[in-house]
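[1] got a predicted structure here, sequence first:
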Amino acid sequence: MLSFSETAKGKLNQLTAGKDSSLQGIFLKKEDGQTVQVKTVELNQLQVEEEPLRDPNTHFFVEHEGFLVIVTKEEQSLFQNVILDFDQDQFLTKEVEEAQGFAPLDNSNPLVVQVQNLLNNEINPGLAMHGGRAELLTIEDNVVYLRFGGGCQGCSQIDVTVKQGIEQRLKQAFPQIKGVADHTDHTAGANPFFK
């Protein structure tokens, strides 16, 4: 799944500032190597040569992290399991390290879908206020495995956030959940509060 670094999100927010988000798309096209061409598209003001961007037979659309992302069907696989970053005035893709020991998320499992929705709609907006986010890695034996990023990676309060916040909320919503496991390398975080 495509994700955005905090730097890329900041740049995308600059590019789309003041525009109607319901009519705004972000068109991604791979250039050479890791470089990605990023173009903002106002869907209600497309020129004739841009009209194919509306066609679901040739283009793939996904609402992700508040942005409508558009890629060609041919390039869809190039944006799987990568992070879109912004560095030295260009957008780049970086490979996401697969979580060690976890199978890919089973989106046919209703609990996975429900937990992901709760993360997206309730927990991550709260974490985003502090520059953080939580990623669902898997659910095994009714234990939810999360990886934290942004301001949460290396934060001295993460254990409190997990046990007294996220775990309690997930158990309240889904009584079958036994607990939450934090599967984050907090020593790699840039948060200044980590000791």
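    Happy to help now that I have it. Please read these numbers as outputs of a predicted model, since none were measured by experiment.

[2] when you work out contacts or count neighbours from here on, use the C-alpha atoms and nothing else.
    Fine.

[3] can you pull out the low-pLDDT segments for this protein?
    Within the chain, the segments meeting pLDDT under 70 span 1, 21-22, 47-51, 54, 62-65, 80-81, 95-104, 150-161, 184-195.

[4] can you check which helix is longest in it?
    In terms of residue count, the longest helix belonging to the chain (DSSP state H) is helix 6-16.

[5] that one packs against which elements?
    For helix 6-16, the elements it packs on are strand 82-87, judged by 3 or more CA pairs under 8 Å, 6 or more residues apart in numbering; DSSP states H and E.

[6] quick check: angle from the strand it packs on to helix 6-16?
    With axes from the mean of the first three to the mean of the last three CA atoms, to 10 degrees as the basis, strand 82-87 and helix 6-16 are set at 70 degrees to each other.

[7] i'd like the first residue to be 7 from this point on
    In the new count, where the first residue is 7, that last one comes out as strand 88-93.

[8] using PDB, write out every CA atom in strand 88-93.
    C-alpha atoms of strand 88-93 as PDB (Å, rounded to 0.1, in the frame of the first residue of the first chain):
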ATOM      1  CA  VAL A  88       6.200   2.200  -1.200                       C
ATOM      2  CA  ILE A  89       6.500   5.400   0.600                       C
ATOM      3  CA  LEU A  90       6.200   8.600  -1.400                       C
ATOM      4  CA  ASP A  91       8.800  11.100   0.000                       C
ATOM      5  CA  PHE A  92       9.800  14.600  -0.900                       C
ATOM      6  CA  ASP A  93      13.500  15.400  -0.800                       C
END
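
[9] ok, and what's touching the next helix or strand after it?
    Following strand 88-93 in sequence order, the next helix or strand is strand 96-101 (DSSP states H and E). Contact with strand 96-101 is made by 14, 40-44, 87-92, as judged by CA atoms under 8 Å, 6 or more residues apart in numbering.

[10] 10 Å instead?
    With CA atoms under 10 Å, 6 or more residues apart in numbering as the test, strand 96-101 has contacts from 8-11, 13-14, 17, 34, 36-44, 84-92.

[11] same question, stretch 62-76
    The contact list for stretch 62-76 (CA under 10 Å, 6+ apart) reads 7-10, 15, 18-19, 22, 27-35, 44-47, 58-61, 77-82, 126, 130-131.

[12] what bridges to R139?
    Using DSSP bridges, the beta-bridge partners of R139 come out as G155.

[13] how many residues are close by it?
    A total of 22 residues lie near R139 under the criterion other CA atoms under 10 Å.

[14] tell me the spacing between it and T13.
    In this view, R139 and T13 are 14 Å apart by CA to CA, to the nearest Å.

[15] was I right to think S9 contacts K15?
    Yes. Counting by CA atoms under 10 Å, S9 touches K15, with 9.5 Å between them.

[16] phi first, then psi, for V119.
    phi -60, psi -40 (degrees, to the nearest 10).

[17] spatially nearest residue to it (excluding sequence neighbours)?
    Spatial nearest neighbour of V119, chain neighbours left out: N113 (6.0 Å); criterion: CA to CA, 6 or more residues apart in numbering.
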